[in-house]
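Student: Okay, predicted coordinates and the sequence, questions at the end:
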4 protein chains.
Amino acid sequence: MRALKQSNAILDTEPSQETEGQAHSNLVIRAAIAGATGYAGRELIALLARHPAARIARLMSSGRTEKQPFPIEQSHAKLRSTAVPSLDASEPLLCHPLRVEDLSKAEVDLVFLCTPHEVSHELAPALLARGLRVVDLSGAFRLRDSDAYARWYGFEHQTSAALDEAVYGISELNASAIQAARLVSNPGCYATSVILALAPLLQAGWVDKAAGIISDSKSGASGAGRVPSEKLHFAEVNENCRAYSIFTHRHVPEMLQALNLDETNFTFTPHLLPIIRGILSTNYLRLALSAPVSGVGDVVTLFQEFYAAAPLVRVYGDGVWPEISAVAHTNYTDIGFALDPTTRKLVIVSALDNLGKGAAGQAIQNMNLMFGLGQETGLL
Amino acid sequence: MRALKQSNAILDTEPSQETEGQAHSNLVIRAAIAGATGYAGRELIALLARHPAARIARLMSSGRTEKQPFPIEQSHAKLRSTAVPSLDASEPLLCHPLRVEDLSKAEVDLVFLCTPHEVSHELAPALLARGLRVVDLSGAFRLRDSDAYARWYGFEHQTSAALDEAVYGISELNASAIQAARLVSNPGCYATSVILALAPLLQAGWVDKAAGIISDSKSGASGAGRVPSEKLHFAEVNENCRAYSIFTHRHVPEMLQALNLDETNFTFTPHLLPIIRGILSTNYLRLALSAPVSGVGDVVTLFQEFYAAAPLVRVYGDGVWPEISAVAHTNYTDIGFALDPTTRKLVIVSALDNLGKGAAGQAIQNMNLMFGLGQETGLL
Amino acid sequence: MRALKQSNAILDTEPSQETEGQAHSNLVIRAAIAGATGYAGRELIALLARHPAARIARLMSSGRTEKQPFPIEQSHAKLRSTAVPSLDASEPLLCHPLRVEDLSKAEVDLVFLCTPHEVSHELAPALLARGLRVVDLSGAFRLRDSDAYARWYGFEHQTSAALDEAVYGISELNASAIQAARLVSNPGCYATSVILALAPLLQAGWVDKAAGIISDSKSGASGAGRVPSEKLHFAEVNENCRAYSIFTHRHVPEMLQALNLDETNFTFTPHLLPIIRGILSTNYLRLALSAPVSGVGDVVTLFQEFYAAAPLVRVYGDGVWPEISAVAHTNYTDIGFALDPTTRKLVIVSALDNLGKGAAGQAIQNMNLMFGLGQETGLL
Amino acid sequence: MRALKQSNAILDTEPSQETEGQAHSNLVIRAAIAGATGYAGRELIALLARHPAARIARLMSSGRTEKQPFPIEQSHAKLRSTAVPSLDASEPLLCHPLRVEDLSKAEVDLVFLCTPHEVSHELAPALLARGLRVVDLSGAFRLRDSDAYARWYGFEHQTSAALDEAVYGISELNASAIQAARLVSNPGCYATSVILALAPLLQAGWVDKAAGIISDSKSGASGAGRVPSEKLHFAEVNENCRAYSIFTHRHVPEMLQALNLDETNFTFTPHLLPIIRGILSTNYLRLALSAPVSGVGDVVTLFQEFYAAAPLVRVYGDGVWPEISAVAHTNYTDIGFALDPTTRKLVIVSALDNLGKGAAGQAIQNMNLMFGLGQETGLL
């Protein structure tokens, strides 16, 4: 029932793609997930279960000791009874051992990789070779410069052909390349929150780059994944907040790359918040003297126009700033502003759900683009 | 009261989409919400916005000083950009001053009352008189005995005609009465978690009532509503847990009434948890010697059969117990069991989201029943 | 300075022990901690650092990979700059590898074992053999019946001589035995909260045992220790609450033993709260018909008299119930009551800090008793 | 302003106990608290209760409706049974109506004002006139420029004589003036965390001020006080983080004043964290080319020397950064560093407990200085 309604809804909300409703009236994307037992995997399952034009073709995991398929609800209690319309409803949704040879073009259109970057680095080329399309949620294919992996990720990148064709999947900025891509590298959660907040101004040339840009980001604990560690123990995270990886976080190079900045003029500091999900980024910059800005309204207008066709970006124009609770459990990025006209100092606050727009939501958004759907399909 | 096993409404929602789409293809329930700025109001708005056969006809509030309509996102940031297909998408969703005369049968089919019980006590009869159907989320019409309000709610009930026709809206147990009702009194959040956990055993006669039943419930802070108070200040709730209203909580009499118990054999204690949403109830009882139970499996089977046609109840049978995180942001009630066969002591753990199945979710479920839809429509 | 003041304070607050101030005017208890890197170890360090008549003689840990001593602040950031008057203040407080042979009577008076029960089971006899006194915070010596360890702890108890002489260290109930003990077995955190709440009534014979007693306890995550696990991951604990180990928790047998109850008439269910520290126990019972109780005041009086000489128990008499925030970061147990005189149902709410009175605080309290100090010395 | 390096007061507190005891053996500071029912008041009570050379002379509050004295534990459950050695231990600690005429030099030496700035603005001159010394925790006397109050605080400052003599109580930087002061204006919590993090570098002239300094601060909810509001409702704060008062926070002018900066080169943004207590400030600046810095060690050394005589500042030198959990429930400020030598970008992370060093702890520290005690007396 929802499917039926939402497919009509797509017609309503996708302004320029008249034929899209028809385009997928019979389209069902068969999606597999590798790494289904993690948090991003769980979100993907939930999003796919209610997506009007996709279905779960296979769930896989290598992170569990089981060698046999097991009901995914053993890993994600919330998914108990998840309706997967394409499957026999009387059967629980199973998660299988991760084996590339179990994935074939005959049964799967797209594979989401929610695997560590070392694993994605191996899997993606193998899957491409089998004719499958891939959205990789790890960092394995985010940096165009293969030499940069040694510094930032601590390993030597070996799969340069795949890296060469990989498209950086920041949906709002790279839509046409994503539509044509076989391998989309889904951006980091922090990177998404920073890039979407800064790109419009940088592209407009309104920023005094020499004055430096600082992004101070705060993230919930699910962003660090589900693997247990003392650092993620409840008693270490709750009633606490701390900075970490100052100057060295892995999302820095993709921000620099996407925004055409460098370490001289850009600084990023991540912080761990005692919340489960959500990122708030407070971005500081100084407007260029040449920027045609007399008040914050000019900045708002620039962003509204820039994101006019971006249904998953909400631009705040009313003296209110984004907060994490407004985006948690959604696939939106919210962006708001404070300007001191005298000093031309601008603070841009952006917020998203690190598991939504920061991971699974954007992965689905990229899937939608790759298969000709409206980008927000199944995400509102 | 008997579990809904054969309901046509449930049949309606089975996923044979072609006929279903036709079944309500022309049905659109026009729903108004009084008390839209509270937490239950917010959840109702979100649920109605994605409901396939209902639309928001009017939002109203008396709790704000505004005398003019204001965008609901000023009250609920998360609802910014909420798509309400029935309205002009370019307009924000407005919340209006609460006036009964603004609600007429020509434009509204059903009114959800998310108002204090004193207000609901006045509004419900007036709305019935205007030919509207009502789901009241307050306690104003939950107790059949009008004299009980003085003790438990501290006011004298004046609207006995409305009280006489009100149907207690515990959806799984009262479906046929709800279907025919003009006024449904939506159960309390705690009450729902306790009643659904105990009803199957009590109806089967398997409980040693003389041994006493104890329900120890733990709830998130949103259950206390949005009105500020020192008791709900973040710094008072976080890193804390406390019992309150021991022997005197307002949900006790509706539990006694629904389960045919009394204060001699039933004890309920609510606790405040440092979480936003969710209730966990730990229910203790002793099985009657006559109960045909040799192991926990017999209890599981009883519940599975009792709730076989209840799509929003999930019965655990596998040595796992419900937890709040599995039901938060859902409309499910989860129920699980531990039995000590030697002593016949049974612990029943139930969990639900106090804003979902405990409030707005059950209200929508009751709306679905009242209008002939499958009860889970728009709730999965 | 604090030391000087507090030693005077001891004179003031210990009513009957006139000579005590003199007794320890020159007394400095040299205490070692095995298992210093865990949460109980951290609390012990903090308590000993400000104790007026004890000093830290040695910190040890086997849980870390280091084979060399390391500054304890690497494990516990909060202890950075902890003043340990007995040590050279310019040196950081070091934690050493755990070796029994490094502990001798010449340098150490007492060893606190914050080690897993299997380790304590080995260490305690070896330390006794070296002439040292021991307070063990694990469960290794809590149960008098050595056969019970197989069922509840999953191992066969081998050290029966040590077990025979071990004294169960519930300070308020066992003071004289503790004073004379070489080996004190510190009670479990849950057990302390339940035993102190029930003992006065049971000893007075006021409880209808046949009606059954239920203790529903809720604990913060630090009670599960510091070893990482998925169950303790922040994202699994926050915004959640769950029951666990129903009928099977290891603290049950020590409760039964201390209270002279059995599984027929006593039920205990632990729950995990999304807080760092604190336990709230809600205890349900029915007063015997023979109990001389006409109102809750009689119960309050019984408890006040029972705990008149117990400076770390606070009995509530004023219609207010304990809550975790009132005891967190303290060494108190708070106890309050609700009575339904008609049905004789009594709810007893108790609260303590699982790391304070539930672990390190009671361990220090027992140390104080063992060395002739006022039991609350250094704990207020 | 210069760090306190040679203070005799500090010498006093070194642990040669015999002479120390004599040094203040006859000094007992009689302290009153106005505004005892708030969070800062609660902390002051707890600190004074264990202070070796002060006692609580009177607690007062105007925020409660009671016209009669009431036990302070009614407002602060944690303070139940608080031992106040100077009072009859059998009496509960009472809180009285706030009346200036109840405070006289014969019975009180010092009054802590934990009152709103409008109230402090009235009270402080009246108390000075009665010969009492005052530590004001509000903002009423923090800004030397009386005209600035209209802009930042929204009221016209009328008490210029008191303002003229008020000393800004940032203990580590202003010790000698504080020692002589009759009226000390206790700094804001955010301001303390920022000023202590930046002062050493700015005083050394090592900062490229033209490049701008940014302080991004995150605070727990108790910093906003105890008065209920929707913004502080648990369900609004938990699982959330938001920026507020960008460019307009009241602590900005005292930071500018203390650090000799202006709005061109300094930006401050506060954020609300879902924790009870603690502030983390992430401070961004660029070192001047002239600064003699080849690595982060040079910065560490500067801070270590600057704070060599400051027992409540902990300078991190070991690649570890402060976090809130290391300072919560303490009176420390922790400071750590990350330097990118190539770009000369320096990130300084500071942390403190907003109720400790950020409010009551620093108030006691100032009291200690005013009465010739070691500044850390009663605070470790």
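Tutor: Yep, that arrived.

Student: Ramachandran coordinates for A:L346?
Tutor: When read as degrees, to the nearest 10, the backbone of A:L346 gives phi -120, psi 130.

Student: For the residue lying closest to A:A181 once chain neighbours are set aside, give its distance to A:L128.
Tutor: Nearest non-adjacent residue to A:A181, counting by Cβ to Cβ, 6 or more residues apart in numbering or on different chains: A:V167, 3.9 Å away. Placement of C-beta: from N, CA and C, glycine included. A:V167 sits 13 Å away from A:L128, taking Cβ to Cβ, to the nearest Å as the criterion.

Student: Ok, A:S176 next?
Tutor: For A:S176 relative to A:L128 (Cβ to Cβ), the value is 20 Å.

Student: Which one's more surrounded, those two?
Tutor: A:L128 (19 against 9; other Cβ atoms under 10 Å in any protein chain shown).

Student: could I have the helix or strand the more buried one falls within exported to CSV, CA atoms only?
Tutor: For A:L128, the element it lies in under DSSP states H and E is helix A:117-129. Extracted in CSV, the C-alpha atoms of helix A:117-129 (Å, rounded to 0.1, in the frame of the first residue of the first chain):
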residue,chain,number,x,y,z
HIS,A,117,37.8,0.0,3.8
GLU,A,118,40.3,-2.8,3.5
VAL,A,119,37.5,-5.2,2.7
SER,A,120,35.8,-2.8,0.3
HIS,A,121,39.1,-2.3,-1.4
GLU,A,122,39.0,-6.0,-2.3
LEU,A,123,35.3,-6.5,-2.9
ALA,A,124,34.5,-3.6,-5.2
PRO,A,125,36.7,-4.6,-8.2
ALA,A,126,35.5,-8.2,-7.9
LEU,A,127,31.9,-7.1,-8.0
LEU,A,128,32.4,-4.7,-10.9
ALA,A,129,34.0,-7.6,-12.7
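
Student: remind me which residues of chain A are low pLDDT?
Tutor: Flagging of chain A using pLDDT under 70 yields the residue ranges A:1-25, A:63-66, A:83-90.

Student: pretty sure A:L380 is touching A:P311, no?
Tutor: Yes: between A:L380 and A:P311 there is a contact under Cβ atoms under 8 Å: 7.4 Å.

Student: Pick out whichever of the two has more residues nearby.
Tutor: Using other Cβ under 10 Å, the more surrounded residue of A:L380 and A:P311 is A:P311, with 22 against 18.

Student: How about the secondary structure of that one?
Tutor: Look at A:P311: counting by DSSP: H, G, I helix; E, B strand; the rest coil, its state is coil.

Student: so what's it up against?
Tutor: A:T13, A:G374, A:Q375, A:E376, A:L380 (Cβ atoms under 8 Å, 6 or more residues apart in numbering or on different chains).

Student: and those near chain C, which?
Tutor: Subset of the contacts of A:P311 in contact with chain C: empty, counting by Cβ under 8 Å from any Cβ of the partner chain.

Student: Give me the PyMOL select line for those residues, limited to the buried ones.
Tutor: A single PyMOL command selects the buried members of those (16 or more other Cβ atoms under 10 Å in any protein chain shown):
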select buried, chain A and resi 13+374+375+376+380
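
Student: Just send the contacts of A:P311 back as CSV, with secondary structure too.
Tutor: Output for these, formatted as CSV (three-state DSSP):
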residue, secondary structure
A:T13, helix
A:G374, coil
A:Q375, coil
A:E376, coil
A:L380, coil
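
Student: Out of the contacts of A:P311, the closest to chain B would be?
Tutor: Comparing these against chain B with Cβ to the nearest Cβ picks out A:L380 as the nearest, at 5.8 Å.

Student: and that closest one, how far is that from A:L47?
Tutor: Distance of A:L380 to A:L47, given as Cβ to Cβ: 11 Å.

Student: next one: A:R277
Tutor: A:R277 sits 14 Å away from A:L47, going by Cβ to Cβ.

Student: Can you pick out the residue with more neighbours from the two?
Tutor: For A:R277 versus A:L47, the count of surrounding residues by other Cβ under 10 Å is larger for A:R277: 28 against 22.
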